[in-house]
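# Provide a 3D model corresponding to the input given below.
(chains A and B)
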There are 2 protein chains.
Amino acid sequence: MADLGEFGLIARVVHGRSQPASTLLGPGDDAAVVSAADSRVVAATDVLVEGVHFRLDWSSAEQVGRKAIAQNAADIAAMGASSTAFLVGLCCPATTPVTVIDALVQGMWAETDVLGAGIVGGDVVRGDSIVISVAALGDLQGREPVTRGGALDGDVLAVAGRLGWAAAGLAVLSRGFRAPAAVVSAHRVPEPPYAAALAAADAGATSMTDISDGLLADLGHVAEASGVAIEVRRSTLAPHQRLVDVGSALGVDPWTWVLTGGEDHAFAATFSRATPLPEGWTVIGSVSSGSGVTVDGAEWAAADGPTGWQAFGK
Amino acid sequence: MADLGEFGLIARVVHGRSQPASTLLGPGDDAAVVSAADSRVVAATDVLVEGVHFRLDWSSAEQVGRKAIAQNAADIAAMGASSTAFLVGLCCPATTPVTVIDALVQGMWAETDVLGAGIVGGDVVRGDSIVISVAALGDLQGREPVTRGGALDGDVLAVAGRLGWAAAGLAVLSRGFRAPAAVVSAHRVPEPPYAAALAAADAGATSMTDISDGLLADLGHVAEASGVAIEVRRSTLAPHQRLVDVGSALGVDPWTWVLTGGEDHAFAATFSRATPLPEGWTVIGSVSSGSGVTVDGAEWAAADGPTGWQAFGK
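Reported below is the predicted structural model:
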C-alpha cells in the first residue's frame, strides 16, 4: 500500500462511489456535509483491531469491512435511528496488499448500500497492525431516541434477531473448523435486523439496546440504566437445533452462546404490555421492580464462560 | 490498562464530564444524540498513530490528546462550521499505563472546552500500538459550506494562522533538541485560529482549506478543485525571525517550513477583491485562470524537502 500514497488510498475508500441523497457534500474536501433532517444527529463509534476483533485467516477482508459497518449501524438502529453516513479511519502496515484494502472497502460499501447510507470521509494511515475505526451517523426521522433507561416495571422484554450464532461460529473457528457454514457466517458477517429496531421505536419501545456483548450483559446495562429488574425466560429462547448440534460436537452448552454470546447484533427492547409487538420481535421475559438480571428466576451461572464479552480481561 | 476492563476505560473517556447544550443525549447509551440546528451536520475524521504522527517522548500524552482534537476541529472550521461533538476511538497496548490514557483524555477535553464542544462517544480497544481515531461533528449555523472548489479568477489568496512553526518544531525534535520552546510547542499542540475561519465564511470566502499537509500542497488541492491557478507572493510571507534562527542553527532554509510544512493547521482562503478581509487574515497571493500553484511566478523547487507531508512515501 505504500506505493499508493495517502491520497491514492483515501480515494480508494471514498471517491467515485454513489452517495445517498442525505450526503449534501461528499468526500474530497476538509469535511463532508450530511443532512440531519430533524435537526438532530445520532452518533456512535466502534474500533476493530486485527488479531483482537477479527482475523484475516478466519474472515475475508470484505467480510471484515461489512462487519465493521454493521456493528456501528446496529448501535445507531438501537437508538431508533436510520444510518445516514459513516466515517472510516484505516490504519494499516505499509506491507498491506492493496487488494486487502480494496476488499475491506468493498465490504463496507456493500453494507452501507443495504442501509441506504454513504461513506462520507476517510483517513488512511500507516501503523503496525490493521485497525479499523468507524464512526456512524444516523437520523431519528422525528422519533424520540430509545435509550437503555426507559424500561418500566410491568413491561415485557423482547428480542429481534438471532442469539448465539456468532459465538458458536467463533467457537467453531477457534477449534480450527470451518463448518457448519451457518454459524461461521454469523460470526463473519452479522445481520442486524435494522428494520425491526426502527419498528420497535415506532411502536413505542420503552427501552432498546444492541446485543453486542451478550444478552445477559447487555440486559444488565438496561436494568441498571432503567433501575429495574429483568427476568429472562428460557422457554422462549431455546437454542436452534444447529446450535445444539455444534454445542454437542464441541462439548459446549449452547445456552452459553445464546445467553452470553456477543456479536450477533440482535436487539433487545422493552414494551408496555398493551403494545402489540412489531414484526420480528419475540417476548422472552419481563421487567419488574428491583435490580439485576435473572434467568428463570435465578442468576445465570455459566459452567464454562463469562457473562459477556469484553475486549479486556475484566 | 488491562485491569480496568472495557467499560472502566470508556467511562474514563466520556463519563462524568459536562457536555455543551448541543449534546442532547450524552455518552453511555448505544449512541449519542447531538443537535444539528440547521438540519445539516459537518463530519470529518483523522487518525493518529504512535511513532508515525506522534511520539510520547517528544510530546506529553495530554499534548497528543489536544492535538488529536485540534486537527479534526480544524477540518470542521475549514468548512465554515463550529465543532459540536467528537467521537474518540482509542486503541492501546494492554501495558499502557492508565495515567497515559487519563492524560490523553484530559488533553482532548481541554481542546473541546476551548471549542465549546463535547466528547459524546468512545471506544477503547486493545492493540499493538496507540492509535487515536477522532471523528468530529460540526454545525454550519446556517452558513453555506466553504469548499476547496470555489476560488475564482481574480480572487485574492489569504492565510490566517502561523506557517512553518510546527515543521520547525518537528525538525528541532528530530535532531534531538527540545528548544526553542515556541517552535517545539507549535509542533506539540497546534493552535488553529478557529474564529478566523468562521469569520472568513461569514465574510463570504469563495474557498477555504485547513493547511495540514503544507501550504503549497493544500493550495494545490484548492487550485485543482477550483480549476484555477494560484500564485503565492513571498513578500508577505517572510519567515518569522525565530524560524530564520532555527533554520540557520539546523542548516535548513526556513522557506521550506513556511511553504511546505504541515501540521500548523492555519487556514488558507480566497476572497473576492471587493471583500474586506476579516480580522486575522493576511493577503499572500492571488487567483487567476489556469492551473497549478506558483511562488513568485515560478514552481517552487525545495532544495531539501518534499512539497507537502504525506503519511506514506509517495
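
# quick one: residue A:12 is in a strand?
No - assignment of residue A:12 by DSSP: H, G, I helix; E, B strand; the rest coil gives helix, placing it outside any strand.

# residue B:39 is in contact with residue A:35, correct?
Yes - judged on C-beta atoms under 8 Å, residue A:35 makes contact with residue B:39 at a distance of 6.7 Å. Where you see a C-beta, it was placed from the backbone N, CA and C, and this is true even at glycine.

# higher neighbour count, those two?
Comparing residue A:35 with residue B:39 by other C-beta atoms under 10 Å in any protein chain shown, the one with more neighbours is residue A:35, at 19 against 15.

# what number of residues lie near the closest residue to the more buried one other than its chain neighbours?
Spatially, and ignoring its direct neighbours in sequence, residue A:35 is nearest to residue A:22 (4.3 Å; C-beta to C-beta, 6 or more residues apart in numbering or on different chains). Residues within reach of residue A:22, counting by other C-beta under 10 Å, total 21.

# again, but for the one 5 residues further on
Here the number of neighbours of residue A:27 (other C-beta under 10 Å) works out to 24.

# is it in a helix, a strand, or coil?
Following three-state DSSP, the label given to residue A:27 is coil.

# find me the pLDDT at it, would you?
Listed pLDDT for residue A:27 reads 91.

# contacts only, for the nearest residue to it once chain neighbours are set aside.
Once flanking residues are discounted, residue A:27 sits nearest to residue A:14: 3.7 Å by C-beta to C-beta, 6+ apart. By C-beta atoms under 8 Å, 6 or more residues apart in numbering or on different chains, the contact set of residue A:14 is A:26, A:27, A:28, A:88, A:119, A:120, A:121, A:122.

# any chance of the residues you listed in TSV, plus distance to residue B:278?
Shown next, in TSV, are these (distance: C-beta to C-beta, whole Å):
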residue	distance to residue B:278
A:26	28
A:27	28
A:28	26
A:88	34
A:119	34
A:120	29
A:121	27
A:122	31
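
# returning to what we had before: got the phi and psi for the residue nearest to residue A:35?
phi -70, psi -10 (degrees, to the nearest 10).

# that one and residue A:84 touch, don't they?
Yes - with contact defined as C-beta under 8 Å, residue A:22 reaches residue A:84; the gap is 4.4 Å.

# who touches both of those two?
Jointly contacting residue A:22 and residue A:84 under the rule C-beta under 8 Å, 6+ apart are A:34, A:35, A:117, A:118, A:139.

# among the contacts of residue A:14, which one lies nearest to residue A:263?
Nearest to residue A:263 among the contacts of residue A:14 is residue A:88, at 19.7 Å by C-beta to C-beta.

# neighbours of the closest residue to the closest one other than its chain neighbours, how many?
Using C-beta to C-beta, 6+ apart and skipping the chain neighbours, the partner closest in space to residue A:88 is residue A:122 (4.6 Å). Look at residue A:122: counted by other C-beta under 10 Å, it has 24 neighbours.

# could you look up the SS state of residue A:122?
Under three-state DSSP, residue A:122 falls in the strand class.

# so how far is residue A:28 from it?
The spacing between residue A:122 and residue A:28, counted by C-beta to C-beta, to the nearest Å, is 10 Å.

# what do you get for residue A:92?
21 Å.

# looking at these two, which is more packed in?
Shown here are residue A:92 and residue A:28; by other C-beta under 10 Å, residue A:92 has more neighbours (25 against 18).

# give the contact list for the residue nearest to that one when sequence neighbours are not counted.
Of all residues not flanking residue A:92 in the chain, residue A:130 sits nearest, at 5.3 Å (C-beta to C-beta, 6+ apart). Residue A:130 is in contact with A:49, A:50, A:56, A:90, A:91, A:92, A:93, A:96, counting by C-beta under 8 Å, 6+ apart.
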